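> Predicted model follows, preceded by the sequence.
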Amino acid sequence: MTGALVLPMSKKGAYYVYILTSGQHGTLYIGVTNNLPARLELHRTGRGSKFVQQYKVHRLVHVETFATALEAIAREKQLKNWQRRWKIRLIEENNASWDDLSHLL
């Protein structure tokens, strides 16, 4: 794992695990992509995950960067199996106020 919120988030050949939320301590969605700006656009226009569309989970609160798809997918699976309180702690380690990080893209 490269770590949380490594910039620039548009690194060619990189893969990203990201967490979206509906608001502070709200519904969480964890995804993986190799093009974070494009994936966020899909989510926000209702063409991404049905879960995101249903629960209006659009705020980007956490990003991790990986060199390979296998690493990113493994991390996504790991995070999806975590307890909710662990996910909240992870978000708050780097983004205590749950700010939308999409402006950093």
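Great, that's in hand. Given the structure is predicted, the values throughout are model-derived calculations rather than measurements.

> after the helix or strand of the chain with the lowest mean pLDDT, next one along is what?
In the chain, no helix or strand scores lower on mean pLDDT, DSSP states H and E than helix 50-55, which sits at a mean of 89. Going down the chain from helix 50-55, the next helix or strand is strand 59-66, by DSSP states H and E.

> quick one: average pLDDT of the next helix or strand after that following strand?
Scanning forward in sequence from strand 59-66 by DSSP H and E, the next helix or strand is helix 69-81. Here helix 69-81 scores 97 as its mean pLDDT.

> packing partners for helix 69-81?
Packing partners of helix 69-81 (3 or more CB pairs under 8 Å, 6 or more residues apart in numbering; DSSP states H and E): strand 15-21, strand 28-33, strand 59-66. Yep, even glycine has a C-beta here, placed from its N, CA and C like the rest.

> List the buried residues in it.
Glu71, Ala72, Arg75, Glu76, Leu79 (16 or more other CB atoms under 10 Å).

> Which residues outside the helix or strand that it is followed by are in contact with it?
Heading C-terminal from helix 69-81, the first helix or strand you meet, by DSSP H and E, is helix 84-94. The contact list for helix 84-94 (CB atoms under 8 Å, 6 or more residues apart in numbering) reads Ala4, Leu5, Ile19, Thr21, His25, Leu28, Ile30, Val61, His62, Leu79, Trp82, Trp98.

> and these, which two are the farthest apart?
Spanning the widest gap among the contacts of helix 84-94 are Leu5 and His25, at 19.2 Å by CB to CB.

> Compare those two (neighbour count), which wins?
Set Leu5 next to His25 and count neighbours by other CB atoms under 10 Å: Leu5 wins out with 16 against 12.

> Nearest the geometric middle of the protein, what residue?
By CA atoms, centre = their mean, the chain has its centre lying nearest to Tyr18, at 1.4 Å.

> contacting residues around that residue?
For Tyr18, the contacting residues are Ile30, Gly31, Val32, Thr33, Leu36, Arg39, Leu60, His62, Val63, Glu64, by CB under 8 Å, 6+ apart.
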